[in-house]
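Asker: this is a predicted model, with the sequence first.
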Amino acid sequence: MSRHPLSSLTEKEILLCSGLICGGYGDDKRLRFKGITLHEPSKEEMKMFETTQTVPPRRAWVNYYIKGTGFFYETVVNLTKRQVESNQRVPAGFHGPCDDAEILEAERITLADPRVQAEIKKLQLPPGATVVCDPWIWGADGVADDVRQYQCYMYLRAPEHSHEPDSNHYAHPLSFSPVFDTVTMTVTRIEYLPTGAGFETKPTPTEPQRLTAANEYIPELNAPLRTDLKPLVVQQPEGASFTVSDDVIRWQKWEFRLSFNYREGMVLHKVSYDGRALFYRVSLSDMSVPYGDPRPPFHKKQAFDLGDTGAGLMANDLKLGCDCLGAIAYQDGLIADDEGRPLWKRNAVCIHEQDAGLLWKHTNYRTNRAALVRKRELVLQSIITVSNYEYILAFVFDQAGEMTYEVRATGILSTQPIDPGVHVPWGTVVHDGVLAAYHQHILSLRIDPELDGDSKNSLVYEETKPLPRDPKSNPHGNGYIAYRRPVLTSGGYDLESSMNRVYMIESSKVNPVNLKKTAYKIRVPPMQPLLADEDSFHYKRADFADHSIYVTKYRDHELFAGGQYTNQNRQTTGVRKWAARQDSVVDEDLVVWVQFGLQHVPRCEDFPVMPAEIIRVSLKPDNFFTKNPAIDVPPSTQASNRSTLIETSKTANESCDGPRL
């Protein structure tokens, strides 16, 4: 049986790709692979498959370097024909992402470098002290950044915990920073970091390093822990209400296909509710984390956590009873390692249900009868670790046709050294000698709609405004209206809270109840756009970060808001460029890019590890159904929920099933 055209690559397919490419060089050790993933069929091919069952050729997209050079290639492999279909060198100025093996190798080489050892020796650290290296994506400023490099930030473990590998080294930043060249795999120079209020730097002094108190996050180094927290057990005695079959997930009228790749992590395909098509493809497309410290080398500190690393590459192995609670199904992710071999990301996605309070309720005050149902949600969750930071990424579905993308930002702040008593306007001192610079997290959710199976959709915005006082139409001055306008051309658009501006994706179909077009509303929280100015490299590189909404006319393989290659990129290559085509987007096959994020002004409470900050984007039906689609959800009952009563001075005489006996 052939695989579905949208199914992720298999182990054999990954090995076929790397084997064909390595065979062309006669040596499988010459190459460093940066990604092997499904090259998705075009929409036309998928339409043909859906109507005639004609299976399109399976293809893979491959990126690799020739070791010892800066030569970077993109290749399309036709898996069906077992041949390389195209193999092109990527133009100069574009670079591939990092990978686990390369990062660890860069750490090892950097720490062993004689110049680095000499800097460490100057610190006169206590015997047994451990120095840690954190290679950071280089960023870009147009100066000496043609070669792919790492800016290595150096830290010290608390001397009293120097042999504990999980000790929080971010509480002890050092003031020198090696630069690492990925072509030669060597340290090329040592840079020194500003530690005062200005731009000045100074070499590492030949005097003992000032040691500061530990600030740990692992439980065994934070005893005593609280003792008054009782267990909270999530049980589903009859099992889960969802099914997973060949990557297709079904739950409470929802149906969709889940795939997984090294860059985006989770991808949803062919999302439908109660048999009605909603979205062709939905994924987290990109993320930019620009920092606000204007001093070199921090001025170019800007991570693209998907394009520079990858949500699939950095996915955690989720643990039962910890990362997800209840009746859990896990999905493994399959990617490729740097040698082109299959690499399983075990338990990369957890699938489970959760109670989310009440979905709807009404009490008839005349009879005192309450009708209510509890809100059950289906959650698909993946957690990624990008060096110091964690992102908990989740698709959340409810029983009323609403789909939400949720991000919880946690982990540890990226820190830098600061002299005692110094304060700067672009960061917060969070610990003795530790500065956490202000930064933004700007994410882009890519939505490819097909409402009611119609590929011709429109983006509209709805605003509410007061009616002018008029003796006939608004004599009391209280009237107001909601009106909609279409977005006519591709471009970037913004929210306007004073008019309650909301964007909606409309189909060409009409709701028979009110003759309005069926639609899905985009609920996105207000976001401060990128603060760097338009001449900055931060702005040029983060194509998507200047508007809450972008809309483009669909083109195959335009998937990543920041462009195909974000690492050290110095120009606009993504959604801003595509939107500038000024295509008509009325009744067209369109793509909506929703930007959301955090303005992170760190606080002491964010250290040593940050309580999760939660942001959500919701896609909610708007006149898509003829009535509440969750009206048929069974009512909540005490017989099934089995809540227990805590006996206090108050007693409950009745449960939702009736009088207590």
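Answerer: Perfect, I can see it now.
Asker: secondary structure of Arg189: a strand, I assume?
Answerer: Yes - secondary structure of Arg189 (DSSP: H, G, I helix; E, B strand; the rest coil): part of a strand.
Asker: let's number from 29 now, not from 1
Answerer: New numbering, starting at 29: the last item is Arg217.
Asker: that one: how many residues sit nearby?
Answerer: When neighbours are defined as other Cβ atoms under 10 Å, Arg217 has 11 of them. For every residue, glycine as well, the C-beta is placed using N, CA and C.
Asker: that one touches Ser205, doesn't it?
Answerer: No - look at Arg217 against Ser205 with Cβ atoms under 8 Å: they stay out of range, at 9.6 Å.
Asker: which parts of this protein belong to which domain?
Answerer: Listed by the TED database, the domain ranges of the chain are 39-117, 128-242, 271-382+413-440+467-488+520-628+637-650.
Asker: tell me the pLDDT of Gly625.
Answerer: We have a pLDDT of 97 for Gly625.
Asker: what residues are bridge-paired with it?
Answerer: Note on Gly625: beta-bridge partners Ile470, judged by DSSP bridges.
Asker: how close does the residue lying closest to Leu523 once chain neighbours are set aside get to Leu647?
Answerer: Once flanking residues are discounted, Leu523 sits nearest to Ser576: 5.0 Å by Cβ to Cβ, 6 or more residues apart in numbering. According to Cβ to Cβ, to the nearest Å, Ser576 and Leu647 sit 15 Å apart.
Asker: between those two, point out the one with more neighbours.
Answerer: Leu647 (26 against 23).
Asker: how close does that one sit to Met532?
Answerer: Distance of Leu647 to Met532, given as Cβ to Cβ: 10 Å.
Asker: again, but for Ile165
Answerer: Distance, Ile165 to Met532, using Cβ to Cβ: 37 Å.
Asker: out of these two, which sits in the busier spot?
Answerer: Ranked by neighbour count (other Cβ under 10 Å), Ile165 and Met532 place Ile165 first, with 27 against 20.
Asker: excluding residues flanking it in the chain, which one is nearest that one?
Answerer: Asp336 (4.7 Å).
Asker: do Met431 as well
Answerer: Using Cβ to Cβ, 6+ apart, the closest residue to Met431 is Leu647 (4.8 Å).
Asker: wait, isn't the one you found in contact with Asp426?
Answerer: No - assessed by Cβ under 8 Å, Leu647 is found out of contact with Asp426, at 10.9 Å.
Asker: what is in contact with those two at once?
Answerer: Thr432 (Cβ atoms under 8 Å, 6 or more residues apart in numbering).
Asker: so which bits of the longest helix along the chain are buried?
Answerer: Taking DSSP state H as the criterion, the chain has its longest helix at helix 39-53. For helix 39-53, burial by neighbour count (16 or more other Cβ atoms under 10 Å) applies to Glu41, Ile42, Leu43, Leu44, Cys45, Ser46, Leu48, Ile49, Cys50.
Asker: please, where are all the helices along the stretch 279-428 of the chain?
Answerer: Remark: no helices are assigned in the stretch 279-428 of the chain by DSSP state H, counting those that start in this stretch.
Asker: which helix or which strand is home to Thr492?
Answerer: In the assignment (DSSP states H and E), Thr492 maps to strand 486-494.
Asker: which residues sit in contact with the nearest residue to Gly156 once chain neighbours are set aside?
Answerer: Closest residue to Gly156 apart from its sequence neighbours, by Cβ to Cβ, 6+ apart: Ser190 at 5.2 Å. For Ser190, the contacting residues are Pro154, Gly156, Ala157, Thr158, by Cβ under 8 Å, 6+ apart.
Asker: swap in 7 Å and give it another go.
Answerer: Gly156, Ala157, Thr158 (Cβ atoms under 7 Å, 6 or more residues apart in numbering).
Asker: would you mind measuring from the second one to Ser612?
Answerer: Taking Cβ to Cβ as the criterion, Ala157 is separated from Ser612 by 64 Å.
Asker: and the two? which has more neighbours close in?
Answerer: Neighbours per residue (other Cβ under 10 Å) separate Ala157 from Ser612, with Ala157 holding more: 17 against 12.
Asker: contacts only, for the more buried one.
Answerer: Leu184, Pro187, Ser190.
Asker: next: Ser518.
Answerer: Residues in contact with Ser518, defined by Cβ under 7 Å, 6+ apart, are Val579, Thr580, Lys581, Ala607, Arg609, Gln610, Asp611, Val613.
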